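Dropping a prediction and its sequence here:
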Amino acid sequence: MTGKMNLTLLADFYELTMANGYWEHGIAEQIAYYDLFFRKVPDQGGFAIMAGLEQAIDYMKNLKFTEKDIAYLRSKNCFDEAFLEYLQNFKFECDVWAVPEGTPIFPNEPILTVRGPAIQAQFVETMLLLTINHQSLIATKANRIVRAANGRAVLEFGSRRAQGADGAVMGARAAYIGGCAGTACTLVDRDMHIPALGTMAHSWVQMFPSEEDAFRAYARTYPDNCTLLVDTYNVLQSGIPNAIKVFREEVVSRGYRPKGVRIDSGDIAYLSKKVRKMLDAAGFEDCKIMASNSLDEYIIQDILKQDGKVDSFGVGERLITAKSTPVFGGVYKLVAVEKDGEMEPKIKISENVEKITNPGFKKTWRLYDRDTGKAIADVITMHDETIDDTQAYEIFHPEYTWKRKTVTNFVARPLQVPIFEKGICVYESPDLQTIQQFCKEQIDTLWDEMLRFENPHKYYVDLSQKLWDLKHALLQKYCIDCFK
């Protein structure tokens with residue numbers, strides 16, 4: 001797994017060719033500002049969830065070029081020897097700000113900002129994007145599935161379908177942040193203390209002469225935690241009748257109660273209703289029903305709409321790969337440089353309006369209604385601006401500027417917090433249970449209309465007047481010949 005490797009060279013090669021070029025042109029130490037942000041919410045949802053910051057911090061803490069790294073780079077015959085000597089003594093010296101993990105985030109607002117020597121601030125691009133793109137994607141998908149389950153536990157069952165070992169481990173971490181109650185991955189329980197859960201596979205049932213023999217053997221081994229997989233042959237004709245018989249003879253007889261049954265195929269809504277009736281009639285009203293089998297938020301929603309009697313869901317491939325929208329799309333863009341101690345804003349312009357960046361060193365604020373605690377809007381300002389929440393404040397749509405609203409009786413809070421100061425980490429990552437609870441609390445600040453899976457209410461991310469003026473001044477400056 002990459003967690004045991006030196007990840008310094010997990011970087012696009014152009015990070016190194018540009019760094020070498022900065023070195024040769026004498027601008028390696030020029031201070032540059034980069035923003036990490038994303039452009040679209042996965043699955044056309046109302047919001048995404050920030051995740052992956054802890055691993056990004058670990059990466060930046062441990063940036064070091066080994067002798068093997070330097071030898072490899074020297075073998076490419078395209079790097080200045082003085083540049084390689086610089087890398088041998090590389091020390092991360094950047095300032096970093098980021099939105100804490102578990103926070104709902106929205107398109108185009110900076111979720112992580114790096115300020116430091118250009119050669120360093122540029123170099124960390126690939127790994128920051130890899131880490132935050134992946135975990136934010138999975139946390140967002142997991143939260144959609146958890147919300148669809150409407151209070152029923154969702155377990156992450158995706159390790160065997162994940163894209164590699166890190167995809168399984170970090171995917172399980174992100175899924176937990178998004179609200180999953182546990183995982184099937186044992187390693188994640190050992191290392192991250194996310195509860196690992198699991199009982200049997202169909203192969204267990206097939207290993208024995210009969211389904212009843214298989215159930216009986218399992219119940220004798222685990223009478224105090226007996227959950228049986230009932231769909232190897234036929235759920236209603238054999239699985240549940242055999243489970244009821246074994247529950248009585250091997251579990252209740254030993255002074256325990258059965259924990260549950262799992263259905264992994266077929267019409268879950270129909271089967272779960274039939275199974276519930278059969279279990280209740282046998283006196284096992286407390287026996288839970290778990291469902292698995294290629295589930296996602298839409299299937300779970302439909303099962304519950306059809307009055308399916310499912311108490312928990314095991315969700316695998318469609319969660320761990322975010323199958324419906326498998327790319328988060330975060331980007332990392334230069335937004336400013338410093339010259340003679342003054343910030344010089346930078347902008348990227350494109351014929352695709354959504355790809356035009358917001359220039360300069362910025363800060364994002366979230367405005368909350370004082371009475372309800374609900375989020376009203378986010379506002380991106382210049383970093384030296386402050387939103388005075390004791391006064392009325394006008395927000396406006398950054399594209400349809402005639403759409404304006406004066407906000408009163410609100411609280412303004414900056415979203416980003418300091419992570420590194422001159423390369424020294426000043427932030428202590430919370431434990432995962434704290435992050436998960438924080439995520440739940442923050443989602444509760446969003447209006448119900450934003451939680452819809454279809455056509456959610458659009459949450460506004462506005463620009464301050466000062467930032468809007470700067471952006472349009474730069475657009476005019478660089479686009480003066482656009483229509484000639």
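Perfect, thanks for sending it. Numbering: from 1, shown residues only.

Let me see the contact set for the residue nearest to the spatial centre of the chain.
With distances taken as CA atoms, centre = their mean, Ser136 lies nearest the centre of the chain, 2.0 Å away. Ser136 sits next to 38, 48-52, 105, 174, 328, 330 when contact means CB atoms under 8 Å, 6 or more residues apart in numbering. For every residue, glycine as well, the C-beta is placed using N, CA and C.

what do you get for Glu399?
Val353.

redo that, cut-off 10 Å
When contacts are counted by CB atoms under 10 Å, 6 or more residues apart in numbering, Glu399 touches 353-354, 463.

do the same with Trp447
Contacts of Trp447 (CB under 10 Å, 6+ apart): 46, 369, 372, 374-376, 456-457, 459.

ditto for Thr434
Here Thr434 is in contact with 101-102 (CB under 10 Å, 6+ apart).

any idea how far the one helix or strand it maps to is from the chain center?
When elements are assigned from DSSP states H and E, Thr434 belongs to helix 432-443. Taking CA atoms, centre = their mean, to the nearest Å, one finds helix 432-443 lying 12 Å from the centre of the chain it belongs to.

Give me the mean pLDDT for the helix ranked longest in the chain.
Identified as the longest helix of the chain according to DSSP state H is helix 125-149. Across helix 125-149, pLDDT averages out at 98.

ditto for stretch 203-223
pLDDT averaged over stretch 203-223 gives 98.

Helices of the stretch 1-150 of the chain, start to end?
13-24, 53-61, 67-75, 81-88, 118-123, 125-149 (DSSP state H, counting those that start in this stretch).

OK, contacts around Leu9?
Taking CB under 10 Å, 6+ apart as the contact definition, Leu9 lies against 15-16, 65-66, 68-69, 72-73, 126-127.

And these, which two are furthest apart?
Maximum pairwise distance in these, criterion CB to CB, is 19.0 Å, between Lys68 and Thr126.

The two - which one has more neighbours?
Thr126 (17 against 10; other CB atoms under 10 Å).

any idea how far Ser272 is from that one?
Going from Thr126 to Ser272 by CB to CB, to the nearest Å gives 45 Å.

Could I have the buried ones of the contacts of Leu9 as PyMOL selection syntax?
Entered in PyMOL, the line below selects the buried ones among the contacts of Leu9, by 16 or more other CB atoms under 10 Å:
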select buried, resi 15+16+65+69+73+126+127
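
now the contacts of Leu9 in TSV, with distance to Leu432?
Shown next, in TSV, are the contacts of Leu9 (distance: CB to CB, whole Å):
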residue	distance to Leu432
Glu15	30
Leu16	34
Phe65	31
Thr66	31
Lys68	33
Asp69	32
Tyr72	36
Leu73	37
Thr126	25
Met127	21
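
what's the closest of the contacts of Leu9 to Gln30?
Using CB to CB, the contacts of Leu9 come closest to Gln30 at Glu15, 16.2 Å.

Just the pLDDT for the closest one.
96.

which residue packs closest to it, ignoring adjacent ones?
Closest residue in space to Glu15, ignoring its immediate chain neighbours: Phe123 at 5.0 Å, by CB to CB, 6 or more residues apart in numbering.

Do I have it right that the one you found meets Glu93?
No: applying CB atoms under 10 Å as the test, Phe123 and Glu93 come out as separate, 11.8 Å apart.

Looking at these two, which is more packed in?
The neighbour comparison of Phe123 against Glu93 (other CB under 10 Å) goes to Phe123, with 25 against 15.

which ones are touching Pro258?
219, 223, 225-228, 243-244, 246-248, 250-252, 279, 282, 284, 286-288.

Select only the buried ones of those in PyMOL?
Listed next is the PyMOL selection for buried residues among the contacts of Pro258, using 16+ other CB under 10 Å:
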select buried, resi 219+223+226+227+228+243+244+246+247+250+251+252+279+282+284+287+288
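
What is the burial count for the residue nearest to Asp302 when sequence neighbours are not counted?
With sequence-adjacent residues excluded and distances taken as CB to CB, 6+ apart, Asp302 is closest to Ala269, at 7.2 Å. Neighbour count for Ala269, taken as other CB under 10 Å: 18.

Quickly list the domain ranges of this protein.
Listed by automatic domain parsing, the domain ranges of the chain are 2-138+326-478, 199-286.

any idea how far the first one is from the chain center?
This means domain 2-138+326-478. 15 Å.

wait, Ile419 sits on Val426?
Yes: Ile419 is in contact with Val426 according to CB under 10 Å; the separation is 6.9 Å.

burial count for the residue nearest to Pro117 when sequence neighbours are not counted?
Excluding its sequence neighbours, the residue lying closest to Pro117 (CB to CB, 6+ apart) is Glu29, at 4.8 Å. When neighbours are counted by other CB under 10 Å, Glu29 registers 14.

go on, Thr103?
22.

That one: what's it in contact with?
47-51, 53, 111, 366, 415-416, 435, 438-439, 442-443.

tell me the contacts of Gly360?
33, 35, 335-336, 343-347, 380-384, 466-467, 470-471, 474.

Could you tell me which residues touch both of Phe123 and Glu93?
116-117.

Tell me how far the closest residue to Thr131 other than its chain neighbours lies from Val251.
Computed as CB to CB, 6+ apart, the closest residue to Thr131 that is not its neighbour in sequence is Gly52, at 4.3 Å. Note on Gly52: its distance to Val251, by CB to CB, is 42 Å.

So which of the contacts of Thr103 is surrounded by the most neighbours?
Ala51 (32 neighbours).

how about it, what does it touch?
Counting by CB under 10 Å, 6+ apart, Ala51 makes contact with 101-103, 105, 131-140, 142-143, 170, 173-178, 435, 439.

Any quick PyMOL command for the buried ones out of those?
Buried subset of those, written as a PyMOL selection, criterion 16+ other CB under 10 Å:
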select buried, resi 101+102+103+105+131+132+133+134+135+136+137+138+139+140+142+143+170+173+174+175+176+177+178+435+439
